[in-house]
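Undergrad: Just to be clear, the model below is a prediction. Sequence and coordinates:
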Amino acid sequence: MTIANTNLLAAFAIAAATMAHAHGDVAPQPVNTDALPDVGEEWLTENPYRELDPELWKAAIDIGSSGYNQNCARCHGLGAVSGGLAPDLRYLEAEEYGDEWFMERYIYGYTQNGITKMPAFGELLGQEAAWAIRLYVETRPGEGALDDYQDRLKAMRDELESGTVADEAAMKAELEAIAAEVYTESGAPLADSIAWRAAAQLAGTPESYKAAAETLTVGLSAAH
């Protein structure tokens, strides 16, 4: 274990121990994981959804986003950006070491002085939901990761909104190149960025251009 890892987990422990509000008075909300591959009954120690094909990877993140925002955002922050009430889960390493810490808390919850600060989600939500939430959290783009690309993304958004794209292949390639540069705080190799999503939506039709433009618009608005 590196000094950085030790300090990071120590910070998580301190933050969890000093949470001001109990989490346990909120009933966990079910997460529909029917679209995800079954991972079996035995609890895994490493996220099996990291290596999914692009469509399933996106589906897992979307399911994880829903599960997170229903069950975790109250304490851990909207968009997985913690306001200091609870640990910022984006910084958990996207590898087995970080997975083990995440799953320990997910399965068993956290209690301090007899007060439930975090409920045990394991039996209530299941393993597929856990790994989907984990994938969502670890693939959040890093702070300011798209700042250098704001102007170019706005220009591409405007072109897409016009309904006519001069060179779709070139735009797709550029979006994918930008997506490859978007870092994560967890060290995950690919962020679930608006550039990645917009590139995946391009399909040679006005409808796909509109969808990609909306993705860029919403993402660029959220960045400010």
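TA: The structure has been received and is ready for your questions.

Undergrad: Thr111 - that's part of a strand, no?
TA: Yes: membership of Thr111 in a strand is supported by DSSP: H, G, I helix; E, B strand; the rest coil.

Undergrad: Now it: closest residue in space that isn't a chain neighbour?
TA: Of all residues not flanking Thr111 in the chain, Lys117 sits nearest, at 6.6 Å (CB to CB, 6 or more residues apart in numbering). (Glycine included, C-beta is placed from N, CA and C.)

Undergrad: any low-confidence regions in this structure?
TA: 1-26, 224 (pLDDT under 70).

Undergrad: how far away is the spatially most central residue of the chain from Lys117?
TA: Nearest to the geometric centre of the chain sits Tyr136, at 2.4 Å (CA atoms, centre = their mean). Remark: distance between Tyr136 and Lys117 (CB to CB, to the nearest Å) = 22 Å.

Undergrad: can you give me the helices for this structure?
TA: Secondary structure of the chain (DSSP state H): helices at 3-17, 54-71, 73-76, 96-108, 122-125, 127-138, 150-161, 168-181, 194-201, 206-222.

Undergrad: Mind splitting this protein into its structural domains?
TA: 3-138, 147-222 (automatic domain parsing).

Undergrad: Would you check that Ala211 makes contact with Ala199?
TA: No: here Ala211 does not reach Ala199: they are 11.7 Å apart, not a contact under CB atoms under 8 Å.

Undergrad: who's sitting farthest from the centroid in this structure?
TA: Note on the chain: the largest C-alpha distance from the chain mean falls to Ala166, namely 32.5 Å (CA atoms, centre = their mean).

Undergrad: Contacts only, for Glu174.
TA: Glu174 makes contact with 152, 156, according to CB atoms under 8 Å, 6 or more residues apart in numbering.

Undergrad: Report the contact partners of the residue nearest to the centre of the chain.
TA: By CB under 8 Å, 6+ apart, Tyr136 lies in contact with 60-61, 64-65, 67-68, 80, 192.

Undergrad: Just put the residues you listed in JSON lines and tack on distance to Arg50 and neighbour count.
TA: Conversion of the contacts of Tyr136 to JSON lines gives the following (distance: CB to CB, whole Å; neighbours: other CB atoms under 10 Å):
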{"residue": "Ala60", "distance to Arg50": "9", "neighbour count": "27"}
{"residue": "Ile61", "distance to Arg50": "11", "neighbour count": "23"}
{"residue": "Gly64", "distance to Arg50": "12", "neighbour count": "29"}
{"residue": "Ser65", "distance to Arg50": "16", "neighbour count": "21"}
{"residue": "Gly67", "distance to Arg50": "17", "neighbour count": "25"}
{"residue": "Tyr68", "distance to Arg50": "17", "neighbour count": "25"}
{"residue": "Ala80", "distance to Arg50": "17", "neighbour count": "24"}
{"residue": "Asp192", "distance to Arg50": "12", "neighbour count": "22"}
